[in-house]
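Enquirer: following is a predicted model, sequence given first.
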Amino acid sequence: MSTSSDKRNCIVIIFDDQYFDFARNCLKSFSNFPDHPMIKVIYQGNDTNISKFIDELDNTERIDINLDMSKLSNLNLGHIGSPMIYVRYVIWSSLFDDYDKVLYIDCDSLIIKPFPELFEHDDFFTLYDNADKPLFNESAYKNEEFITKTQEDNLPHDLLNRMMINSGVLLVPKRYRTAENFRLLNELSQRYSKFIEHSDQSIITIWCYLNDIKISCDYRYNFMIDRITRPSFSNIKLEDAKLLHFSYWKPNKNIGELFQRGPMFRQLKALIEQNSDFFK
């Protein structure tokens with residue numbers, strides 16, 4: 001079994017049975033990054049065939065952790081509707097203390113090109129989401145409880161809406177993975193659960209603001225497909241993508257309608273076909 005020359009860092013992929021098809025293609029696409037750091041897989045399920053698939057992958061290790069998912073079910077689950085979205089908080093826990101930097105990648109992603117340089121970042125790394133909807137839901141701004149809490153926490157609504165991150169790619173250096181930050185994420189999730197629009201993504205954005213994190217615009221490392229559907233991102237080139245993130249546009253859901261829109265979208269289809277078996 002092959003191992004990586006990078007022993008200091010690791011990559012984390014988290015999924016359950018519902019997202020296995022995405023995770024399977026994501027994990028297989030790491031063949032495009034042969035010398036990747038160790039991949040730590042958190043699989044929340046009981047399918048022995050899935051566990052066997054993970055265990056047979058090179059430079060990949062399955063982590064068994066006992067999570068009481070019922071404790072997460074009372075949080076705002078947003079449009080995803082699954083408590084799995086909050087499991088990524090374990091990146092901030094002591095689970096990965098042996099590593100300098102931990103890179104979390106959403107399982108609905110494909111690795112297109114190697115990106116060892118991403119691990120050279122000394123600070124927390126994540127990208128803007130540029131979602132159409134704001135960080136907080138519309139009713140929150142008329143709610144006295146919400147107004148009081150954001151004033152107590154000194155949270156500027158307009159700034160937070162402009163800086164919302166996409167939680168599909170998160171590079172977390174060791175100095176941020178503390179008991180205090182882990183506790184803060186969980187407390188913010190409880191405190192603002194009924195007011196947020198984007199579940200964990202809203203909460204991590206608040207955490208970034210409180211930690212004075214600078215958000216990146218380098219979309220090579222989280223090339224969300226919806227970007228090429230927006231005129232405001234006309235300068236973005238698909239061939240620059242190192243990590244392709246399906247995000248809203250899913251192969252098993254709605255992505256087919258994109259392929260009729262022109263040459264770039266046909267190029268997108270070819271790229272997905274080259275790096276996955278979604279359309280076979």
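Expert: Yes, it's here.
Enquirer: in the chain, which strand has the most residues?
Expert: strand 165-173 (DSSP state E).
Enquirer: doesn't I11 fall inside a strand?
Expert: Yes. Assessed by DSSP: H, G, I helix; E, B strand; the rest coil, I11 belongs to a strand.
Enquirer: that one: what's it in contact with?
Expert: H36, P37, M38, I39, K40, V102, L103, Y104, I105 (Cβ atoms under 8 Å, 6 or more residues apart in numbering). From N, CA and C alone the C-beta is placed, and that goes for glycine too.
Enquirer: returning to that earlier point: which residues touch the longest strand of the chain?
Expert: Identification of contacts with strand 165-173 by Cβ under 8 Å, 6+ apart yields 88, 91-92, 100-106, 108-109, 118-119, 121-129, 200-201, 204-205, 208, 215, 221-222, 224, 243, 245, 247.
Enquirer: now list the buried members of these.
Expert: Those of these that meet the buried threshold are 88, 91-92, 101-106, 108-109, 118-119, 124-129, 200-201, 204-205, 208, 215, 221-222, 224, 243, 245, 247, by 16 or more other Cβ atoms under 10 Å.
Enquirer: re the thing from before, closest one to K52 out of the contacts of I11, please.
Expert: Nearest to K52, judged by Cβ to Cβ, of the contacts of I11 is I39 at 16.0 Å.
Enquirer: please name the bridge partners of the closest one.
Expert: Beta-bridge pairing for I39 (DSSP bridges): I11, T60.
Enquirer: is it in contact with R62, as I believe?
Expert: No. Between I39 and R62 there is no contact under Cβ atoms under 8 Å: 9.6 Å.
Enquirer: of these two, who's got more company?
Expert: Legend: neighbour count by other Cβ atoms under 10 Å for I39 and R62, higher for I39 (22 against 16).
Enquirer: who's in contact with the more buried one?
Expert: Residues counted as contacts of I39 (Cβ under 8 Å, 6+ apart) are C10, I11, V12, I13, L27, F30, L57, N59, T60, E61.
Enquirer: ranges for the helices of the stretch 151-280 of the chain?
Expert: Assigned by DSSP state H, counting those that start in this stretch, the stretch 151-280 of the chain shows helices spanning 157-162, 179-191, 199-210, 263-275.
Enquirer: mind putting these in a markdown table, distance to P134 and mean pLDDT included?
Expert: Conversion of these to a markdown table gives the following (distance: least, Cβ to Cβ, whole Å; pLDDT from 0 to 100):
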| stretch | distance to P134 | mean pLDDT |
| --- | --- | --- |
| helix 157-162 | 4 | 83 |
| helix 179-191 | 17 | 95 |
| helix 199-210 | 9 | 95 |
| helix 263-275 | 28 | 93 |
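Enquirer: what's the most buried one of those helices?
Expert: Among the helices of the stretch 151-280 of the chain, the stretch with the highest mean neighbour count (mean count of other Cβ atoms under 10 Å) is helix 199-210, at a mean of 23.
Enquirer: just the CA trace of it, in CSV.
Expert: Only the C-alpha atoms of helix 199-210 are listed here, as CSV (Å, rounded to 0.1, in the frame of the first residue of the first chain):
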residue,chain,number,x,y,z
SER,A,199,-26.8,25.9,8.6
ASP,A,200,-23.1,25.0,9.5
GLN,A,201,-21.9,27.3,6.7
SER,A,202,-23.5,30.3,8.4
ILE,A,203,-22.0,29.3,11.8
ILE,A,204,-18.4,28.8,10.4
THR,A,205,-18.7,32.2,8.7
ILE,A,206,-19.5,33.8,12.1
TRP,A,207,-16.5,31.8,13.6
CYS,A,208,-14.3,33.2,10.8
TYR,A,209,-15.4,36.7,11.6
LEU,A,210,-14.7,36.3,15.3
